[in-house]
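Asks: Make a model of this:
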Amino acid sequence: MSIDKTAIRNAATVIVLRNRLQDPSILMGQRGAKAAFMPNKFVFPGGAVDAEDAQIPLATPLPEVCTDRLRESAPEDLHHALAVAAIRELWEETGLILGRPGEWTDNVPADWTSFASTGHMPVAHGLQFVFRALTPPGRPRRFDARFFLVDADEIQGDLDDFTHASDELSHLQWVKLSEARKFDLPFITEVVLAEVAGRVTDPTPPQSVPYFHNNDEASLFLRLRGYPMPDHP
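Replies: Predicted structure coming up:
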């Protein structure tokens, strides 16, 4: 299937937070030098929503407040596909399992055979929708990305075992939250890191989600569910 490179694709990104109350760290990897989108940058695991993501069953749903925020300024039923894409991309790019033990009752799609072979069903209850960003015009790829925060305690298995990861991200590692800005990061990743730092001690999903909206007219910081972003000096 050919991809329209000018189209804005929905995408999901996962920020795994480890040891949040002691010495918090986040999982990051480096994109390849020849990648069309953000080459060489250190990023969180994530990627575009696939058409079949909407059909994948979840053993547990997203928190209700996150579903409500995801429905805002978006197709009402997109929230499920976004959650599935987040879990799939986390598995594909890191080999980490966001799931619970269980057997698939239907035919397993090709993209999920390796996940299903671990004996787990995907779960979304631990995903917290914390940020949304639209890639500015003029980039080689444009994504309407939703960022999900998840506590590492929700991950099944060894948090340091990346043997099942694809080669899309290299140098996968747990980065101290306090040291993450020393890496070569995209601008939006730095913005999201500030949001995550403010949520470390709060385990509940946010009631209001920042939305960095870019179009041909302006770049705007908005908030999903009512309240504009405060002015910054």
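Asks: hey, where'd the strands end up in the protein?
Replies: Secondary structure of the chain by DSSP state E: the strands cover 8-18, 25-31, 42-43, 46-48, 99-101, 120-122, 128-134, 142-151, 169-176, 209-214, 219-224.
Asks: State the paired neighbours of the fifth one in the sheet, together with their directions.
Replies: In this case it means strand 99-101. Next to strand 99-101 in the sheet, as set by DSSP bridges, lie strand 120-122 (antiparallel).
Asks: residues in contact with the strand it pairs with?
Replies: Taking contacts as CB atoms under 8 Å, 6 or more residues apart in numbering, the residues outside strand 120-122 that touch it are 56-59, 84, 87-88, 97-104, 115, 156. C-beta here means a position set from N, CA and C on the backbone, and glycine is covered the same way.
Asks: what comes up buried for it?
Replies: Neighbour-count burial for strand 120-122 flags 120-122 (criterion: 16 or more other CB atoms under 10 Å).
Asks: Pick the one among those closest to residue 129.
Replies: Nearest to residue 129, judged by CB to CB, of these is residue 122 at 16.3 Å.
Asks: would JSON lines of the strands of the chain with distance to residue 78 and mean pLDDT be doable?
Replies: Formatted as JSON lines, the strands of the chain follow (distance: least, CB to CB, whole Å; pLDDT from 0 to 100):
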{"stretch": "strand 8-18", "distance to residue 78": "6", "mean pLDDT": "97"}
{"stretch": "strand 25-31", "distance to residue 78": "25", "mean pLDDT": "94"}
{"stretch": "strand 42-43", "distance to residue 78": "22", "mean pLDDT": "94"}
{"stretch": "strand 46-48", "distance to residue 78": "13", "mean pLDDT": "95"}
{"stretch": "strand 99-101", "distance to residue 78": "21", "mean pLDDT": "97"}
{"stretch": "strand 120-122", "distance to residue 78": "17", "mean pLDDT": "97"}
{"stretch": "strand 128-134", "distance to residue 78": "12", "mean pLDDT": "96"}
{"stretch": "strand 142-151", "distance to residue 78": "9", "mean pLDDT": "96"}
{"stretch": "strand 169-176", "distance to residue 78": "25", "mean pLDDT": "94"}
{"stretch": "strand 209-214", "distance to residue 78": "15", "mean pLDDT": "88"}
{"stretch": "strand 219-224", "distance to residue 78": "13", "mean pLDDT": "78"}
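Asks: looking at the ones you listed, which is closest to residue 203?
Replies: When the strands of the chain are compared by CB to CB, strand 142-151 sits nearest residue 203, at 7.2 Å.
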